[in-house]
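S.K.: give me a model of this one.
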Amino acid sequence: MAFVFDEQKFRTESEAFYRTYPADVSALEEKLNERYRKEDGVSALVQKRWTYEVISQECEVKVFRYCPFYSEIITGRERNSVAGAFPPIPGLGCWTSKTHYPVKEFDDWRAPYVEKDLIFAEMMVDYSHHYADVEAVMHRGFQSIRDELADKLEEHVRTADKVKNSEEREFLEAALAACDAAILLGERFAEKAEELLGNEKDLSVREQLERIRDTAKRIPRYPAETFYEALCSVWFTRELCTSMEGSGFAVMGHYDRILYPFYEKDIREGVLTKEEAQNLIDCLILITDARWSHTAETSGTNASLVIGGCDASGNVVFNEVTRLILNAFLKYETSSPKLEVRISAAHPEEYKKMVAQVAALGRNALSILNDDVLIEAHHRMGKKLQDCRLYLAGGCQEPVLSNECNSRAFLYLNLPQLVSGMLFPEELDFWSRERIVLKRPDEADTFEGFYEAVIYNLSQFLFACAGHYNRFEQIWAEINPMPLFSATMQTCIDKKMDVTRGGARYNSTSFSLIGIGTFIDSLYAIRKVVYEERKLTMEQMKELLRTDFAGQETWRLYLQNKVPKYGQDDEELASFAGRVFRDLAVHSSGMPNARGGYFEASLFAFFFYDVLKEHTWATADGRHAGQRISRGCNPVESTKEIDAATLMQSLRSIDFKDYPGCAVSYLEMPISKNAAGTDVFVRILEAFVHCGGNALDFNVVDKETLLQAKKDPDNHRNLIVRVCGYSAPFVSLSEELQDEVIERTMRNG
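M.R.: The predicted structure follows:
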């Protein structure tokens, strides 16, 4: 009997189970604690091996009656958890890092900068946006990986210096334990399905339980042979890492590329119908949404699915699996997982139209990634072109190659506030703690001297931050190595080295620079008003900023409305903006990190343009102290004469190939479910690619509906909005976030 997806029964069963979370695993955690106390001094690699053994042998597993996929291991995770956070969150997967927290060095360093809203930094490294190579497991199976690791360990024991290479041995032993855990858990899911069959009367449910029983005996131990097995393999691998590694694996995978060969084979051999394939895809896509419970305190599920793009040879990916995935998003209008759409000028019109239909619904946290820019952006960083063509993205939009361990979304630097620190170092001393000799921009005789001083100081601060985070990355390896994640990467096996040490082929880090629109407008206002027009002296400009324009509203309005702004049709300012983007990329890239890789430029902002506002001083573009700074690489929200066309046009003066870490443009659009509205979205996609954008996020909203939802939340509980890197029910947001979303629509309405 073919699988037929029953959404209502699936959601009812999921809700009944997940509302019981988090499960009490304190007894198992204490068992680990007791062993740790007895064997004082063991490394974190040894601790992870213990964790894998306890989880695989003693944690309960859950098989659902109305879902053909198996992956739920009851490790104490919260229902709304991405399993990657610092400080560590509940669950046995985080036990190793819990035994080492707090890390005083990190907390002491960040505290004064966080207090002044210069940075947002809760994590020492990125704990949430990784990709386990599910494709490798799908094609090899954990048994083959285990056999290779066992051979490496045997060779190591026979030939290595036992003192000097103890970490290599501990890594191989932990990675072997991870593979054993994956294989054992597959067998336990098979046993659980068999157990449920004993009391199951529903014939259709029995059919699926038998299928799970028979499949779990093979997957993930052996390579997938069918479309269903491939789906089980990729989902199981990602969820296994999420449950056991104490880190988040936001990227589900490049599903249409890696799954299509299995789909095509099964269809050709008559063992699968298109209808059943659609049912399987529908169910898999809804798992993350069913698990999550949206509240004002939570954000997105941190699960992302990649479609489109190209293969390693550069051939465009758009196939029947792509259509099945897009059909599921159109049918269920789900807010998660996030859909990461890779697109290029070579993609066909049908693909663009289907993507446009999903975008026009306004339900999903849809991100558009420009292959024509991002592939070359990564290639410029010295990565092989074939690897760059297989890039993924996840969490919000953070790009990552399939054989890369990156650290992207962990430090957000407030550019406008850093400039304030240059102008007012007595009040905002961001320099002496880093032993930076400040080059005073306000003492420059020319704007060129002013600008060079700003960029110099910025580069010095970024260099200092890189030094600190290189130490924090070393701590990462000491408190939460990830041998299971590492076992999915061939280079980690070859090097006998964990990903946290640099075992991946590519190892990148990015600082996220935020408020670039405010930064550009403020520098340009100083250029025009102080240095060129000489309407104000530098001291007069500083006094306006120091007092937040107190008693000087006329000057504030002049700066806000009479000086050209980034994004408007002004050739001189467009050229200046291009220069700023280029200089920021140069000075935030190329620094070596602790894992043998390099820092890469990023303008990924999430919603920290709103978080880092309270203590941000007034800026020379006429912005009051405490007001929001600009989003992503967008113009300032208050800038007039900005619409979809001008926003796309503003991208042309910037080389976004300098930003492999992502540079996100945000565009508000009205909800539209008719053909004419869809065509508008198609044209925007084409313009975005043509103008050389990097990443694009739609926020599709209706102002009047949002205002009504705020007044009458009970009748608008299904209204989904794009917050920034995630989508959520509008009524679940805090009042401040609701107002921020409404303000965007009023600007663009």
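S.K.: so where's the stretch 201-350 of the chain uncertain?
M.R.: 294-300 (pLDDT under 70).
S.K.: and if we set it to 80?
M.R.: Within the stretch 201-350 of the chain, the stretches with pLDDT under 80 are 294-302.
S.K.: do the stretch 1-150 of the chain as well
M.R.: 1, 81-87.
S.K.: any idea where the helices of it begin and end?
M.R.: Here the stretch 1-150 of the chain has its helices, by DSSP state H, counting those that start in this stretch, at 7-18, 26-38, 44-58, 95-98, 104-115, 134-140, 142-159.
S.K.: for Phe519, which of those is the nearest?
M.R.: Nearest to Phe519 among those is helix 104-115 (17.3 Å), distances taken as CB to CB. Every C-beta, even on glycine, is put in place using the N, C-alpha and C of the backbone.
S.K.: packing partners of the closest one?
M.R.: strand 119-120, helix 447-479 (3 or more CB pairs under 8 Å, 6 or more residues apart in numbering; DSSP states H and E).
S.K.: most tightly packed of the helices of the stretch 1-150 of the chain?
M.R.: Stretch with highest mean neighbour count among those: helix 95-98 (a mean of 24; mean count of other CB atoms under 10 Å).
S.K.: which elements pack onto that one?
M.R.: Using 3+ CB pairs under 8 Å, 6+ apart: helix 95-98 touches helix 44-58.
S.K.: switch the cut-off to 10 Å
M.R.: helix 26-38, helix 44-58, helix 447-479 (3 or more CB pairs under 10 Å, 6 or more residues apart in numbering; DSSP states H and E).
S.K.: quick one: closest of the helices of the stretch 1-150 of the chain to Ala695.
M.R.: Nearest to Ala695 among the helices of the stretch 1-150 of the chain is helix 134-140 (22.8 Å), distances taken as CB to CB.
S.K.: rewinding a little: adding distance to Phe64, write the helices and strands packed on helix 95-98 out as JSON lines.
M.R.: Rendered in JSON lines, the data for the helices and strands packed on helix 95-98 read as follows (distance: least, CB to CB, whole Å):
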{"stretch": "helix 26-38", "distance to Phe64": "23"}
{"stretch": "helix 44-58", "distance to Phe64": "19"}
{"stretch": "helix 447-479", "distance to Phe64": "34"}
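S.K.: of these, which is nearest Arg206?
M.R.: Of the helices and strands packed on helix 95-98, nearest to Arg206 by CB to CB is helix 44-58, at 27.0 Å.
S.K.: so the closest one versus helix 447-479, what angle?
M.R.: 60 degrees (axes from the mean of the first three to the mean of the last three CA atoms, to 10 degrees).
S.K.: just how off-centre is helix 44-58 within its chain?
M.R.: 27 Å (CA atoms, centre = their mean, to the nearest Å).
S.K.: swap in stretch 394-402?
M.R.: The chain centroid and the centroid of stretch 394-402 are separated by 5 Å under CA atoms, centre = their mean.
S.K.: please renumber the chain so that the first residue is 553 from this point on.
M.R.: Sure, I'll start numbering at 553, so the last one becomes stretch 946-954.
S.K.: and the end-to-end length of that stretch?
M.R.: In stretch 946-954, first residue to last residue: 12 Å (CA to CA, to the nearest Å).
S.K.: could you work out the end-to-end span of stretch 953-963 for me?
M.R.: 20 Å.
S.K.: that stretch - what's its average pLDDT?
M.R.: Averaged across stretch 953-963, pLDDT comes to 92.
S.K.: quick check: pLDDT value at the residue nearest the centre of the chain.
M.R.: By CA atoms, centre = their mean, the chain has its centre lying nearest to Gly947, at 2.5 Å. pLDDT for Gly947: 81.
S.K.: looking at it, it is touching Asn854, isn't it?
M.R.: Yes: the pair Gly947 / Asn854 is scored as a contact, 5.5 Å apart, by CB atoms under 10 Å.
S.K.: tell me which of the helices and strands packed on helix 656-667 sits most buried.
M.R.: It is strand 671-672: most buried of these by mean count of other CB under 10 Å, with a mean of 22.
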